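S.K.: Could you look at this predicted model? Sequence included:
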Amino acid sequence: MTGDTSTAGEIGDPEAEPPATPPDGAPAPASRRRPGGRAVGLALWVLGGVVLAVTLVRAVPYDGVTPLAQVVGVTPWVVPLALLVAAAALVLRRRLLATLCGVALVAQVVWVAPFFVPGQGIEAGAQGTLRVLTVNAYFGQADAAAVVRMVHEQDADVLAVVELTADFHDRLEAAGIEAVMPHHVDAKVGTGSPGSGLWSRTALTDPDTSEWSTFAMPAATVDVDGTPVRVTAVHPVPPLPEITGVWHQEMADLARRAHDEPLAQVLLGDFNATYDHASFRAVLGDRFRDATRTAGHGLNLSWPVGERVPTFLDLDHVVVDAGMRVDDVDSLVVPGSDHGALAVTVQVAP
């Protein structure tokens, strides 16, 4: 028999050592083990689960139940967490988690990026502008004199106050609100949070103080260089777990009333909802735009202010018809209130 006997012997040698295999229960070779071990992997999946859950809640076009209404407001804060988890998962070779968080990150960026894209703005000296200011008086505990000073400093044409109490109303008058804004309409003014009011430099016509919501949402018409504009002080109940259904219904009623109104409109106040709430986007529909998002200067985080936790929700909004332009969007501090105020210049007839 001829051939390479040495090679044949190596192949068939019964004494050749078989490949080493780990005994039962022994850990896999280090080359096969993913970095970090099980503890790190579990921690990443927990954080990734938060990212995926909030992203899924934001993607669902309904938020009228608990806990969806309470969770979806934190959507913008998931962006840095999604980026961190996706990067860590990629480095530590958790490819499935990295892929899922990467997809969630793309969705989150698509949702939040428009807040940082500057809009058209308003040309200097443009006609048909209205400077509006919205304030939450925090059960009437805000500093009324500071609000009147703010009206002067912002050169506001219309002021909306929610959580307006009889005492706060009297303090506004004592601070001189009627000297700069002699026209006003209000509803449910007493104690606590139900009251709301509108003040204006010019006449408020065709007032509507009907009690269609838990908290008052009065409306009236102002004339802006010949264009009648319907202005509404907005304040639905907050989406607390026990009244989420009421909040959702009031948002739906607000949407219906706004879209049925033929006049140009500005809605301003404490919507108790962020842009990420489907109920808020239903109010906008294809007719209205959120002024903060349209201006493109970042998020208007307005609540809570002066508390032990950072301000992290954008609950206070100015909503305008899609054809209007906005500019000079200013977030302001109101002493004694747990909400930031919001001032916006609106060009009602570009």
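M.R.: Sure thing, it's come through.

S.K.: show me the contacts for residue 164.
M.R.: Contacts for residue 164 (CB atoms under 8 Å, 6 or more residues apart in numbering) come out as 137, 140, 186, 189, 195, 196, 197. Backbone N, C-alpha and C define where each C-beta goes, glycine included.

S.K.: nearest residue to it other than its sequence neighbours?
M.R.: Closest residue in space to residue 164, ignoring its immediate chain neighbours: residue 195 at 3.9 Å, by CB to CB, 6 or more residues apart in numbering.

S.K.: does residue 130 sit in a helix, a strand or a coil?
M.R.: Put simply, residue 130 is strand when judged by DSSP: H, G, I helix; E, B strand; the rest coil.

S.K.: measure it to residue 157 for me?
M.R.: Distance, residue 130 to residue 157, using CB to CB, to the nearest Å: 5 Å.

S.K.: Show me the common contact partners of these two, please.
M.R.: With CB under 8 Å, 6+ apart as the test, residue 130 and residue 157 both reach residue 222.

S.K.: now the helices for the chain?
M.R.: Along the chain, counting by DSSP state H, helices occupy 5-12, 37-59, 68-71, 78-91, 95-112, 144-154, 166-174, 177-180, 244-260, 278-284, 291-295.

S.K.: how about those helices, which one is nearest residue 211?
M.R.: For these, the distance to residue 211 is smallest for helix 244-260, at 11.9 Å, taking CB to CB.

S.K.: buried ones in the closest one?
M.R.: Across helix 244-260, burial judged by 16 or more other CB atoms under 10 Å covers 244, 246, 247, 248, 249, 250, 251, 254, 255, 257, 258.

S.K.: how much space between residue 54 and residue 98?
M.R.: Taken as CB to CB, the span from residue 54 to residue 98 is 18 Å.

S.K.: what do you get for residue 146?
M.R.: For residue 146, the distance to residue 98 - CB to CB - is 50 Å.

S.K.: How about the residue positioned nearest the centre of the chain, nearest residue that isn't a chain neighbour?
M.R.: Nearest to the mean C-alpha position of the chain, by CA atoms, centre = their mean, lies residue 274 at 2.8 Å. Closest residue to residue 274 apart from its sequence neighbours, by CB to CB, 6+ apart: residue 73 at 4.6 Å.

S.K.: and the one you found, what does it touch?
M.R.: By CB under 8 Å, 6+ apart, the neighbours of residue 73 are 273, 274, 276, 277, 313.

S.K.: count of neighbours near the residue lying closest to the third one once chain neighbours are set aside?
M.R.: Think residue 276. Among residues not flanking residue 276 along the chain, residue 75 sits closest, at 4.1 Å (CB to CB, 6+ apart). Using other CB atoms under 10 Å, the number of residues around residue 75 comes to 21.

S.K.: who's in contact with residue 75?
M.R.: 54, 55, 57, 58, 108, 111, 112, 274, 276.

S.K.: Let me have those in TSV, extended by distance to residue 303 and pLDDT.
M.R.: What follows is the contacts of residue 75, written out as TSV (distance: CB to CB, whole Å; pLDDT from 0 to 100):
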residue	distance to residue 303	pLDDT
54	19	97
55	23	98
57	20	97
58	19	98
108	21	96
111	20	97
112	18	96
274	10	98
276	14	98
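
S.K.: what comes up buried for stretch 78-95?
M.R.: Applying 16+ other CB under 10 Å to stretch 78-95 flags 78, 79, 81, 82, 83, 85, 86, 88, 89, 92, 94 as buried.

S.K.: got it, and stretch 179-197?
M.R.: Buried, per 16+ other CB under 10 Å, within stretch 179-197: 181, 183-189, 193-197.

S.K.: Looking at the residues you listed, which two lie furthest apart in space?
M.R.: 183 and 193, at 24.0 Å, using CB to CB across these.

S.K.: quick one on the thing from earlier: can you pick the most crowded of the contacts of residue 73?
M.R.: Neighbour-wise, the contacts of residue 73 (other CB under 10 Å) top out at residue 273, 28 neighbours.

S.K.: so which of the buried residues of stretch 179-197 comes closest to residue 281?
M.R.: Of the buried residues of stretch 179-197, the one sitting nearest to residue 281 (CB to CB) turns out to be residue 196, at 22.8 Å.

S.K.: What's opposite that closest one in the beta bridge?
M.R.: Residues in a beta bridge with residue 196, per DSSP bridges, are residue 162, residue 187.

S.K.: Okay, now the unreliable bits of this structure?
M.R.: 1-34, 36 (pLDDT under 70).

S.K.: ok, now which ones touch the closest residue to residue 105 other than its chain neighbours?
M.R.: Closest residue to residue 105 apart from its sequence neighbours, by CB to CB, 6+ apart: residue 82 at 4.1 Å. Residues in contact with residue 82, defined by CB under 8 Å, 6+ apart, are 51, 55, 101, 104, 105, 108.
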